[in-house]
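# When you get a sec, could you give me coordinates for this:
(chains A and B)
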Amino acid sequence: MGVAIAFWILAIVSVAAALAVVLLRDIFRAALALILCFLTIAGLYVTLSADFLAAVQVLIYVGAIAILIILAIMLTREVQRGGLSNKLQLPVVVVVVLLLGALIYTMVSTPWAVSTAMPLVPTTPILAGKLFGEGGFILVVEMAAVLLLVAILGAIVLVREK
Amino acid sequence: MLVGLEHYLILSTILFAIGLYGALSKRNAIVILMSIEIMLVAVSIALVAFSRYIVPLALTGQVFVIFIMVVAAAEAAVGLAIIIAIYRGYETIDATKINLMKW
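Numbers count the residues shown, from 1 in each chain, chains lettered A, B, ... in the order given. Predicted coordinates:
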């Protein structure tokens, strides 16, 4: 019961925060709403018994990505003009509503094979075994490391003064 | 009211739709990047919900979410670097005015 109440509160707050991100005129307040959205989603991970992911969500999204976005907002000085829309707003609304209806219809009408087993808690040692253990995702982990290195070098090259 | 898999899937769909609306209809490039982050996070919710309700003993969905976070961090770093580089050259980040490669 407590999980259900937590889910409804977190769901409503996260949808409201996401709407604030796309609708607010002040882009700095939109970035703050984005931080609120990330935090509520960390709470949703807790209700899904994904404790390690909740901690990583706070660390990476709230701690790193949101700070990067706020830094970019400070550097570009178009704070008051964030909410402007382009000419395609009406067709985009139609397309998005159609896509939303189709996806929700598919998700509700599909008979998912829901398992009744209790989730594993804590997840951290099991995830470590999956990532680094025998028959796990170790190749993908190394590719992710290379991807991060390339992204860091690319960002440095792009913003370097000529 | 018991919360099940469908609730999480519908929440993730709504967040994805909001992010898609922002990414397609906004003019400020930073708002577009923020909308893309919302879309990535929405997909992560769906993956964790599938992992929790359909294969609760495998945790494969949570591993995928870790890699999505890696890609999101790389995308944010490179995307914001591109935006700052464009701002240096054009003095604007309005996506409708950055049209050098448009014919």
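# contacts, neighbours, all on C-alpha from now
Will do.
# Low-confidence stretches in chain B?
Chain B contains residues with pLDDT under 70 at B:1, B:103.
# Helices of that one, residue ranges please.
B:5-25, B:29-53, B:60-90 (DSSP state H).
# how about a markdown table for the ones you listed, with distance to residue A:115 and mean neighbour count added?
As requested, those are exported to a markdown table (distance: least, Cα to Cα, whole Å; neighbours: other Cα atoms under 10 Å in any protein chain shown):
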| stretch | distance to residue A:115 | mean neighbour count |
| --- | --- | --- |
| helix B:5-25 | 10 | 23 |
| helix B:29-53 | 6 | 24 |
| helix B:60-90 | 15 | 19 |
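# Against which helices or strands is the strand or helix carrying residue A:10 packed?
For residue A:10, the host element (DSSP states H and E) is helix A:2-23. With contacts taken as 3 or more Cα pairs under 8 Å, 6 or more residues apart in numbering or on different chains; DSSP states H and E, helix A:2-23 sits against helix A:27-47, helix B:5-25, helix B:29-53.
# that older thread, got a markdown table for the helices of chain B, with distance to residue A:64 too?
Shown next, in a markdown table, are the helices of chain B (distance: least, Cα to Cα, whole Å):
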| stretch | distance to residue A:64 |
| --- | --- |
| helix B:5-25 | 20 |
| helix B:29-53 | 13 |
| helix B:60-90 | 8 |
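# Figure out which of those helices is closest to residue A:30.
Residue A:30 lies closest to helix B:29-53 among the helices of chain B, at 8.0 Å (Cα to Cα).
# elements contacting the closest one?
Going by 3+ Cα pairs under 8 Å, 6+ apart, helix B:29-53 lies up against helix A:2-23, helix A:27-47, helix A:66-76, helix B:5-25, helix B:60-90.
# any idea how far chain B is from the residue at minimal distance from the centre of chain A?
Nearest to the mean C-alpha position of chain A, counting by Cα atoms, centre = their mean, stands residue A:38 at 6.1 Å. Residue A:38 is 8 Å from chain B, where distance means Cα to the nearest Cα, to the nearest Å.
# Do I have it right that that residue meets residue A:60?
No: in this structure, residue A:38 is not within contact of residue A:60 by Cα atoms under 8 Å, at 9.9 Å.
# Show me the shaky parts of chain A.
For chain A, the ranges with pLDDT under 70 are A:78-83, A:162.
# try 90
A:1-3, A:24-28, A:74-90, A:111-123, A:126, A:130, A:133-136, A:159-162 (pLDDT under 90).
# Tally up the residues packed near residue 96, please.
Since you didn't name a chain, this refers to chain A. For residue A:96, the neighbour count with other Cα atoms under 10 Å in any protein chain shown is 20.
# could you do chain B instead?
13.
# now residue A:129
Residue A:129 - counted by other Cα under 10 Å - has 14 other residues nearby.
# What distance do you get for it to residue A:137?
For residue A:129, the distance to residue A:137 equals 9 Å [Cα to Cα, to the nearest Å].
# so who does residue B:93 touch?
Residue B:93 makes contacts with A:76, A:78, B:28, B:29, B:30, B:83, B:86, B:87, as judged by Cα atoms under 8 Å, 6 or more residues apart in numbering or on different chains.
# do you know which of the helices and strands packed on helix B:29-53 lies nearest residue A:133?
Taking Cα to Cα, helix B:60-90 is the member of the helices and strands packed on helix B:29-53 nearest to residue A:133, at 12.7 Å.
# quick check, the closest one touching chain A?
Yes: applying Cα under 8 Å from any Cα of the partner chain, one finds helix B:60-90 in contact with chain A at B:62-63, B:65-67, B:69-71, B:73-78, B:80-82, B:84-85, B:87.
# Return the list of helices and strands in contact with that helix.
Packed against helix B:60-90 by the contact rule (3+ Cα pairs under 8 Å, 6+ apart) you find helix A:51-57, helix A:66-76, helix A:124-132, helix A:138-159, helix B:29-53.
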